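Novice: From the sequence below, what's the structure:
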Amino acid sequence: MAMKKNRIAQKMADLLRDFSGTHLNAGDIHSHLERIDHQNSLLSSGSVIYSLFNHVTFKFDYMSPNVKQILGVSAKRLMALDYQTFLEEYFHPEDLQIISQNIFPDLGTYVNQHEIDPISRISINYSYRMKTARQKWIRIEQQASPVQSNGKDEILLTQSFYQLVGEAEEERGNPITLSIFISDSDGLYHLEHSKTYATENNKTSNSITPREMEILTLLAEGKTSSQIGKILYISESTVITHRKNMLEKFGLKNTSELIAYAFKTGILEI
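Specialist: Prediction:
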């Protein structure tokens, strides 16, 4: 598992380098760090971590001090790590695989197919699980956007905000959604692309039986348990039992959430 995780982290690091430039003036970094100093008082506590990532050195130039209270690791420690080591030590391997094999390649495809000038107009959001110093898993939602690029639109510096969403389970991950926003001439961001990726334990083949799929499809069509029972020649109570099993399986509260979840994760297609 460790060797596989190392390979995935290496792939993700390589993909990130595809977006990266190769030269950054010290003055460029200094101007951003001056601005960050002002934010330090705001970020010394709370559930939002701020970072400034250097694509030339492939390390963090800055990490807000409140990362200590959230991850249990000092900002100094994280800034000393190269990016691949950071991924290997703190990211959940299943989520890391989705990010490296789906999210980053899809992001690259989107950027190549759309003229985004300058590249700093783009902002992306996605979530994943991270491991704290106490070996507990938490869910983080990251918003990242370039703050410095070169003339070739290769990224030199990226700022990120990490929002603590809550606790997470090691064995069960949530679907991960990539959202791409582009700013207009007034600096307002608009959602231009969104795609959801199911983790292994949420994929249809591993989690939905053929009978559950039949019932779920009919529920999405607006059929009642009684109507579904007649269509499938089973009792209404059997339909209700299957529905309850699916709710429990995915940790959902009601049929509306189940249907929305099924479309969001690709179990059902529109």
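
Novice: I figured residue 189 was touching residue 182, is that so?
Specialist: Yes. Taking Cβ atoms under 8 Å as the definition, residue 189 is a contact partner of residue 182 at 6.9 Å. To be clear about C-beta, it is placed using only N, CA and C from the backbone, and glycine gets the same treatment.

Novice: what does stretch 227-234 contact?
Specialist: 211, 214-215, 218-219, 223, 235-236, 238-239 (Cβ atoms under 8 Å, 6 or more residues apart in numbering).

Novice: for stretch 67-86, same thing?
Specialist: Stretch 67-86 is contacted from outside by 9-10, 12-13, 16, 45, 47, 49, 53, 58-65, 89-90, 130, 132-134, 138, 164, using Cβ under 8 Å, 6+ apart.

Novice: ok so, going back, what touches both of residue 189 and residue 182?
Specialist: The contact sets of residue 189 and residue 182 overlap at residue 123 (Cβ under 8 Å, 6+ apart).

Novice: Just the mean pLDDT for stretch 143-153, thanks.
Specialist: The average pLDDT within stretch 143-153 is 83.

Novice: Show me what counts as buried in it.
Specialist: For stretch 143-153, the neighbour count (16 or more other Cβ atoms under 10 Å) marks 143-150, 153 as buried.

Novice: Just the C-alphas of the helix or strand that contains residue 124, formatted as PDB.
Specialist: Here residue 124, judged by DSSP states H and E, is contained in strand 122-131. Only the C-alpha atoms of strand 122-131 are listed here, as PDB (Å, rounded to 0.1, in the frame of the first residue of the first chain):
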ATOM      1  CA  ILE A 122      -9.100  30.400 -12.700                       C
ATOM      2  CA  SER A 123     -10.000  29.100  -9.300                       C
ATOM      3  CA  ILE A 124     -10.700  25.400  -8.400                       C
ATOM      4  CA  ASN A 125     -12.400  23.700  -5.500                       C
ATOM      5  CA  TYR A 126     -12.200  20.100  -4.400                       C
ATOM      6  CA  SER A 127     -12.300  18.100  -1.200                       C
ATOM      7  CA  TYR A 128     -10.400  15.200   0.300                       C
ATOM      8  CA  ARG A 129      -9.400  13.500   3.500                       C
ATOM      9  CA  MET A 130      -6.300  14.400   5.500                       C
ATOM     10  CA  LYS A 131      -4.700  12.600   8.400                       C
END
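
Novice: In this protein, mark out all the strands, start to finish.
Specialist: Under the criterion DSSP state E, strands of the chain are mapped to 48-54, 59-63, 122-131, 137-149, 155-167, 176-183, 189-197.

Novice: rank those by pLDDT, which is bottom?
Specialist: strand 189-197 (a mean of 85).

Novice: I'd like the distance from it to the chain centre, please.
Specialist: 12 Å (Cα atoms, centre = their mean, to the nearest Å).
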